[in-house]
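Asks: Model the following, please.
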Amino acid sequence: MKEVTPILRKVAAVVLLTALTTACDSSPPPFECRDRIGCIQISAGQPIKIGVLQALSGKVAPLGEDQIRGIELSVEKHGGRLLDHPIALQTEDTGCTAEGGANAALKLIADPQTTAILGTTCSVAAASASQAMSEAGMVMISGNNSAPFLTAIAGEHAPDWHAGYFRTAPNEEHSGKTAALYAFNELGVQRVATINDGDIYTRGLTEGFEKVFTALGGKIVLSSAVHKGDKEMRPVLDAVLNAKAELLFFPLFQPEGNLLLIEARKITAFDAIHLMSDGALIESSFIKDVQSAATGMYFVGPANPEGPTVSAVANAYTAKFETPPATSYYLSAYDAAGLLLAALERVAVRSADGTLHIGRQALRDALYATRQYAGVTGVLTCDPFGDCAAPAFNVLQLQDPNKGVQGLLANVLFTYAPKKASK
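Replies: As a prediction, the model looks like this:
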């Protein structure tokens, strides 16, 4: 046997040392982002930043404020933390306008650490905000938007659909239908006038109403509009009278909805005309403002969730904010935040040093894949269009303004709940 040379001894020693070093080094390789639209990296101890877009000015502000409160309650349920990182909310006011939605979204998108957006309050703001959000590779979940134009109409992508947009409020494609069914079949009216304010939400509701009502055999005798900011309502109300309408459907926001109703009550001829609006006016400040003018008025809105979980969240709301909820929409905001946090928890990759890595496409995919999420508003399943809530709508009638929103929500006259197609 030949003697091992010194060079071979050195080579063997190096190989042995390398093998021992490799065996002892159990640390994982550094994270490599392979997500096709990029990753968010959150260092240890740094917050998970979530943007919040809501309407916080004008008459619509109570709706936006309730959305924020629902989000805050959901975050508190998680202890204000997720995956050992604090949760930080950055709130921006959209003003319930398209321009406001775009500008507020751009403020959030400018920060590369923003993981997602919760909002908006108004659908018109969501149309512009969701486009900016989508192009930035983010996700956005609303607990209040319900215009069909944002997700799907008749099972097809709607004009303002954008990848990464989701909502826990039901698609109001079925709201106009609910109102039309009740008007034709239950109230027995044949002639209807509609008034919208030109934005995608109110226009979507009146168009949906008109389509179903005419299919049932009714006649739309006037399809008109007012503009946001209008204060003089007499001309359009005179047109309703001249058209000999039996019912006026006006799914308007405040203050235009308030002004139209108050003016209508000054006209004796309107005593014979049914008045119907929608969920935007199912709100305590509206009832407080118009008082008895709203007595006998009909409203169509999402079915109000009930049960012990709802009661627990409502009690937490009252305890924290020292006032009862002004609407029931805060519950959908609560679920929007919960849905987002659950998805983040599923997709985040944590390095040994505590750094979180969140794939942007992975987060979108996790939300689209959501099935049977147990929300406070019900079981949520997200479809390819971003609709996560099962549609169910009630027709309500206000009989006693002194009983407020809770009295209105309790007076359900009709319910329409089509099954949500599963895909």
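
Asks: For Leu118, name its beta-bridge partners.
Replies: Val52, Ile141 (DSSP bridges).

Asks: Assess the claim that it and Gly70 are in contact.
Replies: No. Using C-beta atoms under 8 Å, Leu118 is not in contact with Gly70; the gap is 9.4 Å. (Glycine included, C-beta is placed from N, CA and C.)

Asks: Of these two, give the one with the bigger neighbour count.
Replies: Gly70 (30 against 27; other C-beta atoms under 10 Å).

Asks: What's the first helix or strand after the helix or strand containing that one?
Replies: Assigned by DSSP states H and E, Gly70 falls within helix 61-77. Where DSSP H and E defines the elements, the next helix or strand beyond helix 61-77 is strand 81-82.

Asks: and that following strand, what's its mean pLDDT?
Replies: Averaged across strand 81-82, the pLDDT comes to 97.

Asks: what's the helix or strand following it packed up against?
Replies: Downstream of strand 81-82, the first helix or strand assigned by DSSP H and E is strand 85-93. For strand 85-93, the packing partners by 3 or more C-beta pairs under 8 Å, 6 or more residues apart in numbering; DSSP states H and E come out as strand 48-54, helix 61-77, helix 98-109.

Asks: and strand 85-93, how far out from the chain's middle?
Replies: 17 Å (C-alpha atoms, centre = their mean, to the nearest Å).

Asks: what comes into contact with that strand?
Replies: 42, 45-57, 64, 68, 71-72, 75, 78, 80-81, 100, 104-105, 107-108, 111, 114, 341, 356 (C-beta atoms under 8 Å, 6 or more residues apart in numbering).

Asks: Going through these, which ones are buried?
Replies: Neighbour-count burial (16 or more other C-beta atoms under 10 Å) applied to the contacts of strand 85-93 gives 42, 47-56, 64, 68, 71-72, 75, 100, 104-105, 108, 114, 341, 356.

Asks: where do the helices sit along the stretch 251-400 of the chain?
Replies: Taking DSSP state H, counting those that start in this stretch as the test, the helices found in the stretch 251-400 of the chain are 256-264, 284-290, 308-321, 330-347, 360-368.

Asks: Next, format the ones you listed as a markdown table and append mean pLDDT and distance to Glu173.
Replies: Converted to a markdown table, the helices of the stretch 251-400 of the chain look like this (pLDDT from 0 to 100; distance: least, C-beta to C-beta, whole Å):
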| stretch | mean pLDDT | distance to Glu173 |
| --- | --- | --- |
| helix 256-264 | 98 | 21 |
| helix 284-290 | 94 | 24 |
| helix 308-321 | 97 | 25 |
| helix 330-347 | 98 | 16 |
| helix 360-368 | 98 | 19 |
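
Asks: Give me whichever of the ones you listed is most buried.
Replies: helix 330-347 (a mean of 24; mean count of other C-beta atoms under 10 Å).

Asks: give me the low-pLDDT residue ranges for the chain?
Replies: Within the chain, the ranges that satisfy pLDDT under 70 run 1-28, 420-423.

Asks: Could you save the helices and strands packed on strand 85-93 as JSON lines and add columns showing distance to Thr168?
Replies: Below are the helices and strands packed on strand 85-93 laid out as JSON lines (distance: least, C-beta to C-beta, whole Å):
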{"stretch": "strand 48-54", "distance to Thr168": "14"}
{"stretch": "helix 61-77", "distance to Thr168": "10"}
{"stretch": "helix 98-109", "distance to Thr168": "18"}
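
Asks: These: which one's closest to Glu283?
Replies: Proximity to Glu283, assessed across the helices and strands packed on strand 85-93 by C-beta to C-beta, is greatest for helix 61-77 (5.8 Å).

Asks: Just name whatever secondary elements that closest one is in contact with.
Replies: Packed next to helix 61-77, using 3+ C-beta pairs under 8 Å, 6+ apart, are strand 48-54, strand 85-93, strand 114-119, helix 308-321, helix 330-347.

Asks: just to revisit the earlier point, nearest approach to Gly137 belongs to which of the helices of the stretch 251-400 of the chain?
Replies: That would be helix 360-368 among the helices of the stretch 251-400 of the chain, by C-beta to C-beta, at 4.5 Å.

Asks: Give me the residues contacting the closest one.
Replies: Residues contacting helix 360-368 (C-beta under 8 Å, 6+ apart): 35-40, 115-116, 137-139, 141, 163-164, 166, 339-340, 343-344, 346-347, 382, 384, 386.

Asks: by how many degrees do it and helix 330-347 diverge?
Replies: 130 degrees (axes from the mean of the first three to the mean of the last three C-alpha atoms, to 10 degrees).

Asks: Kindly present the helices and strands packed on helix 61-77 as a markdown table, with separate columns for distance to Phe250.
Replies: A markdown table is the format used below for the helices and strands packed on helix 61-77 (distance: least, C-beta to C-beta, whole Å):
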| stretch | distance to Phe250 |
| --- | --- |
| strand 48-54 | 24 |
| strand 85-93 | 26 |
| strand 114-119 | 26 |
| helix 308-321 | 29 |
| helix 330-347 | 23 |
